[in-house]
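return a 3D structure for these sequence lines:
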Amino acid sequence: MGKPVGDQWRTLRLLITVKAAPNPSATYGETVCVAGLRLDLEQPGWVRLYPINFRDLESDRSFSKYDVVTVRAKPARNDPRFESWRPDMASLRIERHLRPWKPRQPHIEPYVDGSMCDLLDAIRKDPPAKSLAAIRPAHIEDIDIEHHPGWTADDQVKIRQYVSQLDLLGAERNALEAPRLRGWYRYRCLSNSCRGHRQGILDWEFVALQRRLGKLDDASLIEALRAKFLGELCAPNRDVAFYVGNQAKRQHVFSVLGVYYPPH
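From the prediction side, this is the model:
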């Protein structure tokens, strides 16, 4: 495992599996982390594309999860994680969309792991280790949902800086709003010694659903999120795996970036 030598651009062919919720950026306004699996034979496996400003993408390059795409990218030298690449979004082309679930499974199932504990052990012993994975839980205990505290002071500075830049250029842009709620999955992995994991949910869809249901009161919105992300996606008839990824500066902290949920 490791990044290719040199900084030359390469064309990657990817199956997009993850689109994380946007976060404030002083340079780009708001950035999202996108991840997927390389389908070309040069170096198969997980890839992280960052930074991407989704609101700035032209319509023909705005892609969805489970799209097969090609994009020029080069290794992200300022990110120690092996899977991280910096994309040239102007080069992105969408080949096709894989419908649920049979067309997706041959690409994803070989990369599904059972032990989140092993992933954490590897990071603690010898970072940077594997930073993206799909983990199939042994038991999903619950989902915790609480009020989002709002952007940090540092995030608020980033937002103001970006909006000020746009004002100077005469461009209009609404500042990125923090979601009303945040959530965590609680589960046990397949490791015999697992004592349980509690990981924050950074899935784009967790935030998008809150925006769509913004008129609901807090209790009704929490109920709707639980129904979707626990009752539907993690139903007993689903073969669930969590797409997980860590942070560049806190590599021992993993979050749930999305849910893979084909039927049994």
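
give me the below-cutoff pLDDT ranges for this structure.
1-2, 55-61, 166-173 (pLDDT under 70).

try 90 this time
For the chain, residues meeting the criterion pLDDT under 90 lie at 1-7, 22-32, 40-44, 53-62, 78, 126-128, 155-176, 248-249.

what's the longest helix in it?
helix 153-169 (DSSP state H).

how about the helices in the stretch 51-200 of the chain?
Under the criterion DSSP state H, counting those that start in this stretch, the stretch 51-200 of the chain carries helices at the ranges 105-108, 116-125, 153-169.

mean neighbour count and distance to G231 added to these, as CSV?
The way it works is simple: take the backbone N, C-alpha and C, and place the C-beta from them, glycine included. Putting those into CSV (neighbours: other CB atoms under 10 Å; distance: least, CB to CB, whole Å) gives the following:
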stretch, mean neighbour count, distance to G231
helix 105-108, 16, 23
helix 116-125, 17, 22
helix 153-169, 13, 31
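
between those, which gets nearest to L233?
Among the helices of the stretch 51-200 of the chain, the nearest to L233 by CB to CB is helix 105-108 (15.1 Å).

tell me where the stretch 151-264 of the chain has strands.
Using DSSP state E, counting those that start in this stretch, the strands assigned to the stretch 151-264 of the chain run over residues 181-188, 197-200, 241-246, 254-260.

quick one, what contacts R182?
Contact partners of R182, counting by CB atoms under 8 Å, 6 or more residues apart in numbering, are I145, E146, H147, H148, G200, I201.

correction: G258
T17, V18, K19, A20, K65, D203, W204, E205, F242, Y243.

for T152, state which of these is nearest.
So of these, ranked by how close each gets to T152 (CB to CB), first place is A20, at 17.3 Å.

the closest one reaches E30, doesn't it?
No - under the criterion of CB atoms under 8 Å, A20 makes no contact with E30, lying 11.3 Å away.

one step back: any chance of the contacts of G258 in TSV, plus distance to L98 and neighbour count?
Shown next, in TSV, are these (distance: CB to CB, whole Å; neighbours: other CB atoms under 10 Å):
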residue	distance to L98	neighbour count
T17	10	24
V18	14	26
K19	15	23
A20	20	25
K65	10	20
D203	18	24
W204	18	19
E205	17	17
F242	19	29
Y243	15	26
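
any chance of these in JSON lines, plus distance to K158?
Formatted as JSON lines, the contacts of G258 follow (distance: CB to CB, whole Å):
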{"residue": "T17", "distance to K158": "27"}
{"residue": "V18", "distance to K158": "23"}
{"residue": "K19", "distance to K158": "20"}
{"residue": "A20", "distance to K158": "17"}
{"residue": "K65", "distance to K158": "26"}
{"residue": "D203", "distance to K158": "22"}
{"residue": "W204", "distance to K158": "19"}
{"residue": "E205", "distance to K158": "24"}
{"residue": "F242", "distance to K158": "28"}
{"residue": "Y243", "distance to K158": "26"}
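
I'd say M116 and A138 touch.
No - counting by CB under 8 Å, M116 sits too far from A138 to count as a contact (9.9 Å).

hey, what's in contact with both of the two?
C189, C194.
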